[in-house]
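*Asks:* this is the structure alone, sequence omitted:
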């Protein structure tokens with residue numbers, strides 16, 4: 001309702017927000033919506049928002065929809081912010097988690113897809129396709145099918161079986177790829193014109209960023225418009241980092257927050273192209289990560305698109321990039337479960353990185369730190385290998401004698 005244009009984040013070329021958009025036609029850069037923020041703040045305020053229902057769509061003025069009637073909703077709630085016990089915080093005084101696993105489809109991807117599908121419905125898009133490690137596909141299936149779209153998902157064949165079943169049950173047409181998400185992306189690119197598919201790949205259209213931008217608004221409000229000094233986010237394709245960065249920048253521009261949180265991305269040591277680029281002070285990922293392998297399917301992105309923008313977000317906020325091992329991830333899953341938090345492998349990497357930050361004294365112990373639980377563990381039990389400790393019961397257990 002208040003968007004002015006869509007602008008390339010690399011060459012600044014402007015596009016109309018009233019047309020279905022992918023990447024910049026001039027340079028291939030990622031596109032970002034720009035708004036008349038001054039006009040928005042004449043129409044709404046923090047006080048007005050406080051009187052609305054706590055749900056994802058309360059920030060509608062800051063989203064690229066022409067009408068509330070365009071919303072494709074699955075009743076998205078605010079997700080909980082929980083302060084974790086100090087015995088699990090590695091000496092930091094104020095560590096919180098935001099549990100996105102409570103959203104529809106059990107993943108933060110619901111936010112991006114809710115906005116993307118709603119906008120594409122306005123633009124009369126009928127067929128959508130996505131290369132995905134799993135959760136983005138299931139979220140697109142949930143929202144796309146509700147909007148009456150045909151959904152095509154191309155995913156690595158080693159994805160969690162629970163997510164495969166979820167996509168099929170939701171009604172998506174699923175194709176398994178013998179390779180990584182990068183191979184799946186190549187297939188979508190080859191097929192999109194021939195079959196009239198709109199490509200909703202990570203960072204290759206401007207819509208999904210807006211859903212994660214709204215996450216920054218929700219979080220800021222939950223902290224009384226004084227967000228934590230540090231945010232740790234598990235990062236594969238990087239759209240969450242970009243969306244949060246964009247959201248906090250808009251909030252600061254309109255004067256609703258004073259400071260933008262430090263953005264800290266965490267990857268798996270089995271696939272850490274962004275960490276490597278950050279440590280080498282490169283502006284973008286130069287080469288795909290070779291032989292990518294990790295239990296965290298969502299972090300298995302050998303060469304994220306628009307990596308320059310992800311790294312810009314981290315560096316501009318004086319953030320960090322860390323990699324943790326699968327062993328540390330499994331250990332962190334167990335620790336989270338002791339707190340009653342069912343964190344998917346990607347999300348568990350945040351707790352593992354917290355220990356690394358503590359060991360290396362990289363953050364002030366008194367600063368607030370937020371860990372993002374980007375998805376629910378229940379969808380991953382079939383891919384987690386652990387030592388089998390249970391025994392078959394062939395008679396009454398002796399302790400019942």
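*Replies:* Cool, the structure landed. The model shown is predicted, which means the values in this text are computed figures rather than measured ones.
*Asks:* hey, where'd the strands end up in the protein?
*Replies:* Taking DSSP state E to define them, one finds strands in the chain at 3-8, 14-15, 31-35, 81-83, 94-99, 127-131, 150-156, 173-177, 198-199, 230-234, 262-268, 320-324, 368-373.
*Asks:* could you find the closest non-adjacent residue to residue 77?
*Replies:* If the residues on either side of it in the chain are set aside, residue 77 comes closest to residue 55, at 6.0 Å by CB to CB, 6 or more residues apart in numbering. For glycine as for every other residue, the C-beta is placed from the backbone atoms N, C-alpha and C.
*Asks:* and residue 189, by the same measure?
*Replies:* Looking at residue 189 with CB to CB, 6+ apart, the closest residue is residue 199, at 7.0 Å.
*Asks:* before we move on, what about residue 266?
*Replies:* Distance criterion CB to CB, 6+ apart; nearest residue to residue 266, sequence neighbours excluded, is residue 353 at 4.2 Å.
*Asks:* could you double-check that that neighbour lies in contact with residue 265?
*Replies:* No. With contacts counted by CB atoms under 8 Å, residue 353 stays clear of residue 265, the gap being 9.0 Å.
*Asks:* shared neighbours of the two, which are they?
*Replies:* Residues touching both residue 353 and residue 265 (CB atoms under 8 Å, 6 or more residues apart in numbering) are 232, 322.
*Asks:* OK, contacts around the residue nearest to residue 189?
*Replies:* With contact taken as CB under 8 Å, 6+ apart, residue 199 is in contact with 22, 129-130, 188-189, 192, 205.
*Asks:* could the strands of the chain be laid out in a markdown table, adding distance to residue 108 and mean pLDDT?
*Replies:* Formatted as a markdown table, the entries for the strands of the chain read as follows, by distance: least, CB to CB, whole Å; pLDDT from 0 to 100:
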| stretch | distance to residue 108 | mean pLDDT |
| --- | --- | --- |
| strand 3-8 | 23 | 91 |
| strand 14-15 | 27 | 96 |
| strand 31-35 | 19 | 97 |
| strand 81-83 | 14 | 97 |
| strand 94-99 | 9 | 98 |
| strand 127-131 | 15 | 96 |
| strand 150-156 | 18 | 95 |
| strand 173-177 | 21 | 94 |
| strand 198-199 | 21 | 96 |
| strand 230-234 | 9 | 98 |
| strand 262-268 | 14 | 98 |
| strand 320-324 | 19 | 98 |
| strand 368-373 | 7 | 98 |
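*Asks:* out of those strands, which comes closest to residue 71?
*Replies:* Set against residue 71 and scored by CB to CB, the strands of the chain come closest in strand 3-8, at 15.7 Å.
*Asks:* go through that closest one and flag the buried ones.
*Replies:* Under the neighbour-count criterion of 16 or more other CB atoms under 10 Å, strand 3-8 has 3, 6-8 buried.
*Asks:* how about residue 340, phi and psi?
*Replies:* Recorded main-chain torsions at residue 340 are phi 80, psi 20, according to degrees, to the nearest 10.
*Asks:* can you check residue 197 too?
*Replies:* Its backbone dihedrals place residue 197 at phi -100, psi 130, with angles given as degrees, to the nearest 10.
*Asks:* OK, contacts around it?
*Replies:* Residue 197 makes contact with 127-129, 152, 188, 191, according to CB under 8 Å, 6+ apart.
*Asks:* from residue 114, how far off is the residue nearest to residue 229 when sequence neighbours are not counted?
*Replies:* Distances taken as CB to CB, 6+ apart put residue 367 closest to residue 229, at 4.2 Å, once the chain neighbours are dropped. As judged by CB to CB, to the nearest Å, residue 367 and residue 114 stand 32 Å apart.
*Asks:* pipe the contacts of residue 199 into JSON lines and attach distance to residue 233 per row.
*Replies:* Supplementary listing: the contacts of residue 199 in JSON lines, determined by distance: CB to CB, whole Å:
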{"residue": "22", "distance to residue 233": "24"}
{"residue": "129", "distance to residue 233": "26"}
{"residue": "130", "distance to residue 233": "21"}
{"residue": "188", "distance to residue 233": "25"}
{"residue": "189", "distance to residue 233": "27"}
{"residue": "192", "distance to residue 233": "29"}
{"residue": "205", "distance to residue 233": "20"}
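*Asks:* now intersect the residues you listed with the helices, please.
*Replies:* Using DSSP state H, the members of those that fall in helices are 188-189, 192.
*Asks:* tell me the one of those residues nearest residue 296?
*Replies:* Nearest to residue 296 among the ones in helices among the contacts of residue 199, counting by CB to CB, is residue 188 at 22.2 Å.
*Asks:* pretty sure the closest one is touching residue 127, no?
*Replies:* No. Proximity of residue 188 to residue 127 does not meet the contact threshold set by CB under 8 Å, at 11.7 Å.
*Asks:* between those two, who's got more neighbours?
*Replies:* Regarding residue 188 and residue 127, a neighbour count based on other CB atoms under 10 Å identifies residue 188 as having more, with 22 against 16.
*Asks:* buried ones in stretch 374-386?
*Replies:* For stretch 374-386, burial by neighbour count (16+ other CB under 10 Å) applies to 374-377, 379-380, 383.
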